[in-house]
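Chemist: 3D model of this:
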Amino acid sequence: MQNGGDRTSGSEEGFAGLLQAARQRAGISQNQLARQVGIDPSYLNRIERGERAAPAREVVEALADALALAPAEGDDLLIAAGHITRALARLGPLDPTIRLVAEYLSDPSVPLADRAALRQCLALIVPRFRYAQGARGRPKE
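Modeler: Numbering: from 1, shown residues only. Take a look at the predicted model:
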């Protein structure tokens, strides 16, 4: 789901394919997954066949949790279903820092090289703050 660093929203067909692939990797049947999530197995079947629109955010999150998807995979599933990532949902789309970065990265007057440089800076800086806050182990030096 990466396109030059930009995540793009997936189609319903993309959601169906991602969901089916994740379920098959997990080695569980549609029936098992549907029961874990609390939805009708025939509804899940129609979703995977692309006959139904991607479900509500709560159902997509429940599917991701039931499939024990890694955070990035769960976010890919959410995006393919037309929802924002869990982190953006927690922050809210009106977070001033998120808005500032989004406005800069989506500004057509900003050269692509400058956008890439900002992404590169963020990729270097953010992990350092995580380590400093103890969110993850200290980086090996």
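
Chemist: Make sure residue 46 is actually in contact with residue 53.
Modeler: No. Contact criterion Cβ atoms under 8 Å: residue 46 and residue 53 do not qualify, at 9.8 Å. C-beta coordinates here come from the backbone N, C-alpha and C atoms, glycine included.

Chemist: which residue packs closest to residue 122, ignoring adjacent ones?
Modeler: Sequence neighbours aside, residue 101 is the residue nearest to residue 122 in space, at 7.5 Å (criterion: Cβ to Cβ, 6 or more residues apart in numbering).

Chemist: quick one: the one you found and residue 54, what's the gap?
Modeler: Plainly put, residue 101 is 26 Å away from residue 54 if you go by Cβ to Cβ, to the nearest Å.

Chemist: could you point out where this protein is predicted with low confidence?
Modeler: 1-13, 132-141 (pLDDT under 70).

Chemist: What residue spans form the domains of it?
Modeler: What automatic domain parsing lists as the domains of the chain is 2-90, 94-132.

Chemist: Distance from the shortest one to the middle of the chain?
Modeler: With Cα atoms, centre = their mean, to the nearest Å as the basis, the distance from the averaged C-alpha position of domain 94-132 to the chain average is 18 Å.

Chemist: do the same with the first one
Modeler: Relative to the chain's own centre, domain 2-90 is displaced by 10 Å; criterion: Cα atoms, centre = their mean.

Chemist: repeat for stretch 114-134
Modeler: Remark: stretch 114-134 is offset 19 Å from the chain centroid, using Cα atoms, centre = their mean.

Chemist: hang on, the earlier thing: and residue 101 and residue 54? Which one has more around it.
Modeler: Taking neighbours as other Cβ atoms under 10 Å, residue 101 and residue 54 compare with residue 54 leading, 24 against 14.

Chemist: Grab the nearest non-local neighbour of that one.
Modeler: Here the residue nearest residue 54, using Cβ to Cβ, 6+ apart, is residue 81, at 3.6 Å.

Chemist: Check the gap between the residue nearest to the spatial centre of the chain and residue 84 for me.
Modeler: In the chain, the centroid-proximal residue (Cα atoms, centre = their mean) is residue 75; its distance is 1.5 Å. Separation of residue 75 from residue 84 (Cβ to Cβ) stands at 9 Å.
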